[in-house]
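> Sequence first, predicted coordinates after that:
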2 protein chains.
Amino acid sequence: MIAGGAGGGGDIAAGGSSGGRIIEMIEIGHKVATPPKTTTVEKLKRRFKETFFPDDPFRQFKGKSSRTKWILGAQYIFPLLQWVPEYSFKLFKSDFVSGLTIASLAIPQGISYAKLAKLPPIIGLYSSFVPPLVYSVLGSSKDLAVGPVSIASLIMGSMLTEVVEPNKDPYLFLQLSFTTTLFAGIFQASFGILRLGFIIDFLSNPTLVGYMAGAAIIVSLQQLKALLGIVHFTNKMGLVAVISSVFQTTSEWSWQTILMGLSFLAVLLLARHVSIKNPRLFWLSAGAPLASVVVSTILVFTIGAQKHDISIIGKMKHGLNRPSWDMLTFDSRYLSTVIKTGFLAGITSLAEGIAVGRTFASLKDYQVDGNKEMMAIGLMNVVGSCTSCYVTTGAFSRSAVNSNAGCKTAMSNIIMSITVMVTLLFLMPLFVYTPNVVLSAIIITAVVGLVDVPSAIYIWKMDKMDFVVCMCALFGVLFISVQSGLAIAVGISVSRILLQVTRPKIEMLGRIPGTKIYRDLNHYKDAIPIGNCLILAIQTPINFINTTYLKERISRWIEEKMEDDKQFALQFIIIDLSSVSTIDTNGISFIMNLKKTMTKRNLEIVFVNPEGEVMEKLQRANSVDDFLGPNSLYLTVNEAVIALSSSTTNL
Amino acid sequence: MIAGGAGGGGDIAAGGSSGGRIIEMIEIGHKVATPPKTTTVEKLKRRFKETFFPDDPFRQFKGKSSRTKWILGAQYIFPLLQWVPEYSFKLFKSDFVSGLTIASLAIPQGISYAKLAKLPPIIGLYSSFVPPLVYSVLGSSKDLAVGPVSIASLIMGSMLTEVVEPNKDPYLFLQLSFTTTLFAGIFQASFGILRLGFIIDFLSNPTLVGYMAGAAIIVSLQQLKALLGIVHFTNKMGLVAVISSVFQTTSEWSWQTILMGLSFLAVLLLARHVSIKNPRLFWLSAGAPLASVVVSTILVFTIGAQKHDISIIGKMKHGLNRPSWDMLTFDSRYLSTVIKTGFLAGITSLAEGIAVGRTFASLKDYQVDGNKEMMAIGLMNVVGSCTSCYVTTGAFSRSAVNSNAGCKTAMSNIIMSITVMVTLLFLMPLFVYTPNVVLSAIIITAVVGLVDVPSAIYIWKMDKMDFVVCMCALFGVLFISVQSGLAIAVGISVSRILLQVTRPKIEMLGRIPGTKIYRDLNHYKDAIPIGNCLILAIQTPINFINTTYLKERISRWIEEKMEDDKQFALQFIIIDLSSVSTIDTNGISFIMNLKKTMTKRNLEIVFVNPEGEVMEKLQRANSVDDFLGPNSLYLTVNEAVIALSSSTTNL
């Protein structure tokens, strides 16, 4: 008869109710079943499927006629075919509107981001022309607005300037940019093809929040050059370098530029603010950038930029993208940098693109296949690298505008792309007098949203450790470099997960009065410990990095229990394996040793509810040397307790 | 009223027994409790303790008088003080015997291993003199026999020869060896002080089995030089290099050497075999090496080595260890190599020493504190590096002999050390004519036990993936290098754990007939799925690297359930969180989105038994935006099912 701890644990064998007995009679002696036999090959197949095809993309093909299979296949590869057949003029109208809207945003942003990436402004427009067309054929998101984005531009700009001076050798810089784009595309596409989508999952939300904020600040700081009209500005990106350079060049500050910059910045931020408050006025923030470009250009043209020393974009060549595959270079001196940059720009822009896609998909309740999107974005960049474009992806701000403007299909991307084409062909001369300061104002307005303080606060509330990760990303980017900030944050997040496995939770269970439910004593204060019986639940897979810990920890539980609970001599140990999903050879030998040492100490130890794989391995180990012995496996903690108690009563 | 799937699921509300009703009345409406409030500081403190002081080493001091505290403290630092007080002549006798026995093993092995590490033979004896003394004061294992070991010798030999030719510049090589030993000691001690014991846990059993086997083979191959009497032998360690070098130098083979080598090898292996078969004859394998050294030396002396071209050790300087701190070098050209080598030699020898200590501790049922052992071994090597010793640790073979010889305390190490001292002072001249071939035979006999085929087979039986790890370690060592073999194996094991977290198990639960127990449908074939209700159990912490997978996978479960189970319209989804020990911000937002999307699809989703931390975060998230709504948390799956069923009956 097991005697309970405080209050009424004693009557456990009676289940705490007149109904108890019956239930016990029903429940006692449910044996832990042997999982059905599966060959190693079957196991490997299942494991492989779960790892690389969790979404089972080919399920839709099952049991279809070969003709439908062909159609579905074609639609799978070219999502375009899904909507083109039933495309209507009604849909076209809304796509047309939203297409023009994002174009009005894409043109100034394209020019601005290109400058951020230290590239000629026109590359930004090139990159808003070809990639959208490619995506509209291959992409499965309806809302994604494709083009250059701030983060990727920043990464390319900062990492490539480390090896080449864009001002000294612009052609080589251009070559490296295109090659980087190629590698970015190859990485992205291969992640998709090799079903390695989970790689971008390593960028956790806290990491991204911190990283984006850091990047946004770095980007905004870069704008101080144009905003203050500084001529000799540092090439470095770091917070310290930029700030100091700003105050070393106070002599170069031009009040006209500052005045103009601040006023336009104010207008743009106001427009943004209004649109956020009232989404129906999305066109305000959407139109504002182009409007301010037009206004400022006319202004500068009339008053004359030179004599008020306001720097302007100046003459740009017009015409469409020229092929650039002949510019791709694999010079060993730059290759490693180009590959690194490609990987980083690729993975971050991928993360942004996929995140945006998923966000709007879940808003409008349709599916986007992560791996398919990766292939689409990857291919888009590969094509881009051969047509004078640099890294592009789905931009958050523009996609939001696109969706608010009521886009229905990827057609809106085509409309945008055509508008950009028209601009490239005929409207380039109009940008000659566009002041750079306005472009900087546009960039700042675009990135200010990336500093997401509410999320940071939310993360702090939720999980302090996540907040640490977030801050590491932020300060890493600000004070070390764009790439190491990300690396540090990812490193911490991963080692944190390893630590969770190395130091798994073990719970000490007690019975909730009047029930047969056993729960964590620290969590459920009314739960009653069973006097002569220690019930532990291991909360994680058992494997080589935690067996030693489990051994030490459990023996400590036992000693503590013996010391604290003088009232009852400890007789039984029940280990609940319900939460142990997998176990390796170290884990198995841990269990064997545990059983043996406990028996040596005259403690009876039993195990509860081993899962399929665990059960299988336990049996295999037991067949080698018979360590388990009879009745040492139970289906529920309650059954174990009752069985053990009756065993004592029978003494 | 929930209707069951196949056979009798329907009567669930009646619990399957007359007693059922009562229990339900008892069980229904147990609310999931809010875990007691704990401040972040408390949490951090607990987390810190669990991570670095799981064994709570200071528990023994609690509630003791300050005097006892002092004594306990002294004993904690110098375990010597635990046994010296009650040391008796009876204990001394058995320690004396075992001490002499391991000495007879330590002397020839010391010389041999030193040669393996490309060091002068006498360094091996130095290393069997000082370190055992240090360990006997600081070490807490009774059985550990301390001295040079094969693996560490191999690592040092192979890694240092990459930067210095031991034949060309022996003095520099010696310097680097001592410096390596210093770093090894520093690493080991700091692991102990910083409580980073879990670092050696990263060397899983399969890794070690494969690694040791590979090392043993490499070591044995090295012996072919002496065994065949080859003069011009490769300095490389790799399988291919050695084999080819052996067959390029067939002209140098000397039949006398080969004959002598094989005969002694045969004797030694026989002795080893007999001792294994019959442990009482341990002295056979213990005495054989020294015996064969003596016999072979006399033999060579009488017949004359030179004229039968058998290579001999030759003249060795005698006398005790000289101080070597003046030889420690931190030359930047070699520093990185020395540190790398020190780390690797340190961690592997640490793994061996700790493993040996734990093995015999559990055999004789006493405790060894891992972190304390690390400090002892580390300090031992630091001292060693200043007294002309190279890396030492607890050797498995000698410790086994020590324990079989009936050692009682660390005194046996002192006896051994004194014997070695006597040898150093007076007996060195006797080794002049000792043939190298016998030393090689001794090494081979010592390492042959490291090729542990039964374990490999056992691992194959238990866990195919572990076997892959094991083989990677083996072939990595054989064909790439001693260090990369280890690196690859560890890399695979760790990424495997990450993969387990990235692709967690999700189980689909059903009710075991006539009970209120819910179990995995794939495991328990008699379990009954609940018709209009999908019950999923997530088996792992929910965090950023698996939220995307969980989302995709769960939506696939739902679609499959809807397709397969036409009989009942899916109404309810029950997510069992019992096994989710921790959750991060990504995880929380995953749960929020899940709840929202399901509600959007008119599916009611409820959660079962969130653990302390999970519950806490869920509530915090809920307080921010109220997504959970009423009755969406239940204590058991059964309660959830019953509550939902009644909700439908009330419709």
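It's in.

> Which elements pack onto the top helix by length along chain A?
Scanning chain A for the helix with the most residues, using DSSP state H, yields helix A:332-364. Packing partners of helix A:332-364 (3 or more C-beta pairs under 8 Å, 6 or more residues apart in numbering or on different chains; DSSP states H and E): helix A:150-161, helix A:170-193, helix A:198-201, helix A:205-228, helix A:370-385, strand A:393-394, helix A:396-404, helix A:482-502. Every residue, glycine included, has its C-beta placed from N, CA and C.

> And the ones you listed: which comes nearest A:M316?
helix A:170-193 (13.9 Å; C-beta to C-beta).

> Of all the residues in that closest one, which ones are buried?
Neighbour-count burial for helix A:170-193, counted by 16 or more other C-beta atoms under 10 Å in any protein chain shown, picks out A:172-189, A:191-192.

> still on that earlier bit, tabulate the helices and strands packed on helix A:332-364 in TSV, adding columns for mean pLDDT.
Output for those, formatted as TSV (pLDDT from 0 to 100):
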stretch	mean pLDDT
helix A:150-161	90
helix A:170-193	94
helix A:198-201	82
helix A:205-228	88
helix A:370-385	92
strand A:393-394	92
helix A:396-404	84
helix A:482-502	87
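
> most neighbours per residue, which of those?
Mean neighbour count (mean count of other C-beta atoms under 10 Å in any protein chain shown) peaks for strand A:393-394 among these, with a mean of 31.

> What is that one packed up against?
helix A:332-364.

> buried set for the helix it packs on?
For helix A:332-364, a neighbour-count test (16+ other C-beta under 10 Å) marks A:334, A:337-339, A:341-362 as buried.

> what's the distance between A:F607 and B:Q539?
Distance of A:F607 to B:Q539, computed by C-beta to C-beta, to the nearest Å: 17 Å.

> three-state assignment of A:F607?
Secondary structure, DSSP: H, G, I helix; E, B strand; the rest coil: A:F607 is strand.

> A:T597 and B:S362 touch, don't they?
Yes. A:T597 lies in contact with B:S362 (C-beta atoms under 8 Å); the separation is 6.7 Å.

> domain ranges for chain A?
As assigned by automatic domain parsing, chain A contains the domains A:7-37+A:503-650, A:41-77, A:82-497.

> Out of those domains, which gets nearest to B:T207?
domain A:7-37+A:503-650 (7.8 Å).

> I'd like the average pLDDT over that closest one.
Averaged over domain A:7-37+A:503-650, pLDDT sits at 80.

> likewise stretch A:309-325?
Mean pLDDT, computed over stretch A:309-325, is 82.

> tell me how far the ends of it are from each other?
Stretch A:309-325 stretches 39 Å from its first residue to its last (C-alpha to C-alpha, to the nearest Å).

> buried sites along it?
For stretch A:309-325, by 16+ other C-beta under 10 Å, it's A:I310, A:S311, A:I312, A:I313, A:M316, A:N321, A:S324.

> ok, the residues you listed vs A:N532, which is closest?
Of the buried residues of stretch A:309-325, the one sitting nearest to A:N532 (C-beta to C-beta) turns out to be A:S324, at 78.8 Å.

> Report the contact partners of the closest residue to the closest one other than its chain neighbours.
Using C-beta to C-beta, 6 or more residues apart in numbering or on different chains and skipping the chain neighbours, the partner closest in space to A:S324 is A:S388 (4.4 Å). Residues in contact with A:S388, defined by C-beta atoms under 8 Å, 6 or more residues apart in numbering or on different chains, are A:I123, A:Y126, A:F178, A:N321, A:R322, A:P323, A:S324.

> Same check on A:P429?
A:H318 are the contacts of A:P429 under C-beta under 8 Å, 6+ apart.

> So it belongs to a helix, correct?
Yes. Counting by three-state DSSP, A:P429 is part of a helix.

> That one and B:S204, how far apart?
Distance of A:P429 to B:S204, given as C-beta to C-beta: 68 Å.

> Which element, helix or strand, includes A:L44?
Using DSSP states H and E, A:L44 falls within helix A:40-52.

> Need the residues that contact the next helix or strand after that helix.
Remark: after helix A:40-52, the chain's next helix or strand is helix A:66-77, criterion DSSP H and E. Contact with helix A:66-77 is made by A:P57, A:Q60, A:F61, A:K64, A:L81, A:Q82, A:L138, A:K372, as judged by C-beta under 8 Å, 6+ apart.

> Generate a PyMOL selection restricted to the buried subset of these.
Buried residues within the contacts of helix A:66-77, by 16+ other C-beta under 10 Å, are selected in PyMOL with:
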select buried, chain A and resi 138+372
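
> Taking the contacts of helix A:66-77, tell me the two that lie furthest apart.
Across the contacts of helix A:66-77, the two lying at the largest distance from each other (C-beta to C-beta) are A:K64 and A:L138, at 22.5 Å.

> Specify the angle between the helix or strand hosting A:S94 and helix A:150-161 in degrees.
Taking DSSP H and E as the definition, one finds A:S94 inside helix A:89-116. Here helix A:89-116 runs at an angle of 30 degrees relative to helix A:150-161 (axes from the mean of the first three to the mean of the last three C-alpha atoms, to 10 degrees).

> list the helices and strands helix A:89-116 packs on?
So helix A:89-116, by 3+ C-beta pairs under 8 Å, 6+ apart, packs with helix A:121-126, strand A:146-147, helix A:150-161, helix A:282-303, helix A:396-404, helix A:411-422, helix A:436-447.

> how far does stretch A:72-81 stretch from start to finish?
For stretch A:72-81, the first-to-last residue distance is 9 Å (C-alpha to C-alpha).

> which parts of the stretch 351-500 of chain A sit against chain B?
Taking C-beta under 8 Å from any C-beta of the partner chain as the contact definition, the stretch 351-500 of chain A meets chain B at A:362, A:365, A:370, A:458-459, A:461-466, A:493-494, A:497-500.

> Skipping its backbone neighbours, what lies nearest A:C407 in space?
Among residues not flanking A:C407 along the chain, A:S98 sits closest, at 3.7 Å (C-beta to C-beta, 6+ apart).

> Give me the number of neighbouring residues for that neighbour.
For A:S98, the count of nearby residues is 28 (other C-beta atoms under 10 Å in any protein chain shown).

> which two in the contacts of A:S388 are spaced the farthest apart?
That would be A:I123 and A:P323, which, of those, are the farthest apart (C-beta to C-beta) at 14.0 Å.

> Can you pull out the low-pLDDT segments for the stretch 1-150 of chain A?
A:1-30 (pLDDT under 70).

> again, only this time at 50
Flagging of the stretch 1-150 of chain A using pLDDT under 50 yields the residue ranges A:1-27.
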